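Participant: predicted model and sequence follow; I will ask about them next.
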Amino acid sequence: MKKQISLICLISLIFLTNCGAKIYEETLNIAVLNQNYNEHLYAVDQDLEVVERSDMVFTKTKGNLPSGIALDAEGYLTGIPTEVGNFEFQVTVYAIDNYFGSDNVTEDAEWFTLFVTEASSNAACPNPDNETSSEIFICAGSIETNDLEEGDELNVDINLHVQLSKAKKYDIEEIRFMISYDDSLFRVDENALNSLLLREAATRSEASVRFETNVSGDIIVALTAQGENFHKPGRIIDLPLVLIDTPEDGAEADFTVTILAIESGNNDADLPDFVAIDGDFSHSISD
């Protein structure tokens, strides 16, 4: 099935000799760090028909694209992003209209936002651009390491997954979950628990964060959106754990996720099931 047109015309024809093509800002698909990205920007005429002409040119005129992504003259956003974040940029389309045999160049410009995030290190978690998983997921990362020593720190990545096409309807404003870990292997450095640990899917919402570490082996995390609610899937936080002792070769441990609450800012929102995806740790000594 052809991708739904992502750009539509907003105004009707005013001058027949200057109709041109129109573009309109629509939500772009999620881009994932170090993974191929391909999005096609469309233009339409006053009858909402897709314009695909050799005499129409797209160009980025303001703002920034992430490193590794480029816009070509035909409106394709492609590449492999090498940085995460929220990137705003303006696209202008120039169209030559020769309806009456004279070349009139018309133009239209709109702003777009491309969000780039990092996928979970846990293969059991849906990829951020996955639009087939209907539940809301909180995923802990899976970590494979070697040659760790006492006092070394590792980060457990935590990802939120929610369908991009439904995220604004769900309008998630608060997320609370608990990560349980093996306290014979790890401890948490409470001085390191602060807002600097938040990642792109949380910072874009200007989220605040609270931690509870009253029980050894448990970290409770509460994220509250202060700006736009959590409308994008992706990496929300990296939790640092410190090794208590040098792990033995073949040592394994689980990072267990317990979802405590996911709350919507929309009282009428019918949230789907919540799914917690546990992560794991494995250590092997290199030869």
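Facilitator: On my side now, so go ahead. All values derive from a computational prediction rather than experimental measurement.
Participant: make it CA atoms for all contacts and neighbour counts henceforth
Facilitator: Fine.
Participant: for the closest residue to Leu223 other than its chain neighbours, give me its contacts.
Facilitator: Sequence neighbours aside, Val209 is the residue nearest to Leu223 in space, at 4.7 Å (criterion: Cα to Cα, 6 or more residues apart in numbering). When contacts are counted by Cα atoms under 8 Å, 6 or more residues apart in numbering, Val209 touches Asn194, Ser195, Val221, Ala222, Leu223, Thr224.
Participant: now secondary structure, pLDDT and distance to Phe137 too, for the residues you listed, in TSV please.
Facilitator: Output for the contacts of Val209, formatted as TSV (DSSP: H, G, I helix; E, B strand; the rest coil; pLDDT from 0 to 100; distance: Cα to Cα, whole Å):
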residue	secondary structure	pLDDT	distance to Phe137
Asn194	coil	97	23
Ser195	helix	97	22
Val221	strand	98	15
Ala222	strand	98	15
Leu223	strand	98	15
Thr224	strand	98	17
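Participant: which among the residues you listed count as buried?
Facilitator: Ser195, Val221, Ala222, Leu223, Thr224 (16 or more other Cα atoms under 10 Å).
Participant: still on that earlier bit, the residue nearest to Leu223 looks like it's in a helix, true?
Facilitator: No - judged by DSSP: H, G, I helix; E, B strand; the rest coil, Val209 forms no part of a helix; its state is strand.
Participant: how far away is it from Ser134?
Facilitator: 26 Å (Cα to Cα, to the nearest Å).
Participant: so what's Leu13 scoring on pLDDT?
Facilitator: On the pLDDT scale, Leu13 is placed at 29.
Participant: same thing with the one 10 residues further on?
Facilitator: The model reports Ile23 with a pLDDT of 78.
Participant: hey, what's Val93 bridged with?
Facilitator: Bridge pairing for Val93 (DSSP bridges) gives the partners Phe58, Asp108.
Participant: quick check: which element contains the residue nearest to Arg204 when sequence neighbours are not counted?
Facilitator: Distances taken as Cα to Cα, 6+ apart put Asn86 closest to Arg204, at 6.9 Å, once the chain neighbours are dropped. In the assignment (DSSP states H and E), Asn86 maps to strand 85-97.
Participant: which strands or helices does that strand pack on?
Facilitator: On a contact count with 3 or more Cα pairs under 8 Å, 6 or more residues apart in numbering; DSSP states H and E, strand 85-97 meets strand 56-63, strand 104-117.
Participant: in the last one, what counts as buried?
Facilitator: What that stands for is strand 104-117. Applying 16+ other Cα under 10 Å to strand 104-117 flags 104, 106-117 as buried.
Participant: can you redo these as JSON lines with distance to Phe230 and pLDDT?
Facilitator: Formatted as JSON lines, the buried residues of strand 104-117 follow (distance: Cα to Cα, whole Å; pLDDT from 0 to 100):
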{"residue": "Asn104", "distance to Phe230": "44", "pLDDT": "62"}
{"residue": "Thr106", "distance to Phe230": "38", "pLDDT": "74"}
{"residue": "Glu107", "distance to Phe230": "34", "pLDDT": "81"}
{"residue": "Asp108", "distance to Phe230": "31", "pLDDT": "86"}
{"residue": "Ala109", "distance to Phe230": "28", "pLDDT": "90"}
{"residue": "Glu110", "distance to Phe230": "24", "pLDDT": "90"}
{"residue": "Trp111", "distance to Phe230": "21", "pLDDT": "93"}
{"residue": "Phe112", "distance to Phe230": "18", "pLDDT": "94"}
{"residue": "Thr113", "distance to Phe230": "15", "pLDDT": "94"}
{"residue": "Leu114", "distance to Phe230": "15", "pLDDT": "96"}
{"residue": "Phe115", "distance to Phe230": "13", "pLDDT": "97"}
{"residue": "Val116", "distance to Phe230": "14", "pLDDT": "98"}
{"residue": "Thr117", "distance to Phe230": "13", "pLDDT": "98"}
